[in-house]
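Student: can you look at this prediction? I've put the sequence above it.
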Amino acid sequence: MQKKTLRFLTYTAVMLAFTLLFQSARYLFPTPNATYVTYIIGTLVNLCLVVAAACANVWAGVVLSVIAPIVALFQGHAQLPMVVPIAVGNIAIAVGAYFGFKGGKKNLWIAFVSAAAKYVLIAFGMVFFALMGVQQLPFAAAVPVAFTQQVVQLVTGLLSIVIAVPVVAGVRRAVKPL
């Protein structure tokens, strides 16, 4: 196996372990389904996606982006119709983080825009898959409901980018990049 492939697998495995650890940490809080817990866990999981994409490569972020909502589904924190939109939104932030952190601070705006893109993708996924598809709401009623309920995605995405700036810099100093 090539050294670069082995390093990619190692980076991805470590970030996957952190992602699963953070998703499971929900049960350490006195009220695991409290709103503040969702913001904490969401920010930490998004941080893993961002760091994986920024420090390993875009594929590490994509792998984590797909696995995280599947794990959330099995833990009972995501509904089946939302797994695909959440994965697509996660991929958006991972790709944005890859390009945003690639060129230094001058391209960091791309990562912030990708956090907003994640919010929009997941909200529209909720509109079409959950609200219009499952609950049979009309489009005009589904859009404000989805965008209001998914504000957590925007907040946690933006917070994760802010937190990732020093984390990515530290990881890049400590570990040789791929």
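Tutor: Done, it's in. Fair warning: this is a prediction, and the values are worked out from it, not measured in the lab.

Student: okay, CA-based contacts and neighbour counts for the rest of this
Tutor: Fine.

Student: next up, the contacts around residue 26.
Tutor: The contact partners of residue 26, by C-alpha atoms under 8 Å, 6 or more residues apart in numbering, come to 32-33, 37, 41.

Student: at 7 Å instead, please
Tutor: By C-alpha atoms under 7 Å, 6 or more residues apart in numbering, residue 26 lies in contact with 32, 37, 41.

Student: what packs against the helix or strand encompassing residue 98?
Tutor: Per DSSP states H and E, residue 98 falls inside helix 83-102. Helices and strands touching helix 83-102, by 3 or more C-alpha pairs under 7 Å, 6 or more residues apart in numbering; DSSP states H and E, are helix 35-55, helix 58-75, helix 108-125.

Student: which one of the ones you listed is the most hemmed in?
Tutor: helix 35-55 (a mean of 24; mean count of other C-alpha atoms under 10 Å).

Student: now residue 11, nearest residue through space, not along the chain?
Tutor: Distance criterion C-alpha to C-alpha, 6 or more residues apart in numbering; nearest residue to residue 11, sequence neighbours excluded, is residue 56 at 6.2 Å.

Student: export the helices and strands packed on helix 83-102 as CSV, with columns for distance to residue 98 and mean pLDDT.
Tutor: Converted to CSV, the helices and strands packed on helix 83-102 look like this (distance: least, C-alpha to C-alpha, whole Å; pLDDT from 0 to 100):
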stretch, distance to residue 98, mean pLDDT
helix 35-55, 5, 96
helix 58-75, 6, 96
helix 108-125, 8, 97
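
Student: which among the contacts of residue 26 gets closest to residue 148?
Tutor: residue 37 (18.0 Å; C-alpha to C-alpha).

Student: okay, the residue lying closest to the closest one once chain neighbours are set aside and residue 98: tell me how far apart.
Tutor: With sequence-adjacent residues excluded and distances taken as C-alpha to C-alpha, 6+ apart, residue 37 is closest to residue 26, at 6.7 Å. Distance, residue 26 to residue 98, by C-alpha to C-alpha, to the nearest Å: 27 Å.

Student: would you tell me which helix is longest in this structure?
Tutor: helix 151-174 (DSSP state H).

Student: just the C-alpha atoms of that helix, please, in PDB.
Tutor: Taking Å, rounded to 0.1, in the frame of the first residue of the first chain, the C-alpha atoms of helix 151-174 are listed here in PDB:
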ATOM      1  CA  VAL A 151     -31.400  27.300  11.500                       C
ATOM      2  CA  VAL A 152     -29.400  25.000  13.800                       C
ATOM      3  CA  GLN A 153     -27.500  23.800  10.600                       C
ATOM      4  CA  LEU A 154     -26.500  27.300   9.700                       C
ATOM      5  CA  VAL A 155     -25.300  28.200  13.300                       C
ATOM      6  CA  THR A 156     -23.400  24.900  13.800                       C
ATOM      7  CA  GLY A 157     -21.800  25.100  10.300                       C
ATOM      8  CA  LEU A 158     -20.600  28.700  10.800                       C
ATOM      9  CA  LEU A 159     -19.300  27.900  14.400                       C
ATOM     10  CA  SER A 160     -17.500  24.900  13.200                       C
ATOM     11  CA  ILE A 161     -15.600  26.900  10.500                       C
ATOM     12  CA  VAL A 162     -14.600  29.500  13.100                       C
ATOM     13  CA  ILE A 163     -13.400  26.800  15.500                       C
ATOM     14  CA  ALA A 164     -11.700  25.000  12.700                       C
ATOM     15  CA  VAL A 165      -9.400  27.900  11.800                       C
ATOM     16  CA  PRO A 166      -7.000  27.400  14.800                       C
ATOM     17  CA  VAL A 167      -7.600  23.600  14.800                       C
ATOM     18  CA  VAL A 168      -6.600  23.200  11.200                       C
ATOM     19  CA  ALA A 169      -3.600  25.400  11.700                       C
ATOM     20  CA  GLY A 170      -2.500  23.300  14.700                       C
ATOM     21  CA  VAL A 171      -3.000  20.000  13.000                       C
ATOM     22  CA  ARG A 172      -1.100  21.200   9.900                       C
ATOM     23  CA  ARG A 173       1.800  22.300  12.200                       C
ATOM     24  CA  ALA A 174       1.800  19.000  14.100                       C
END
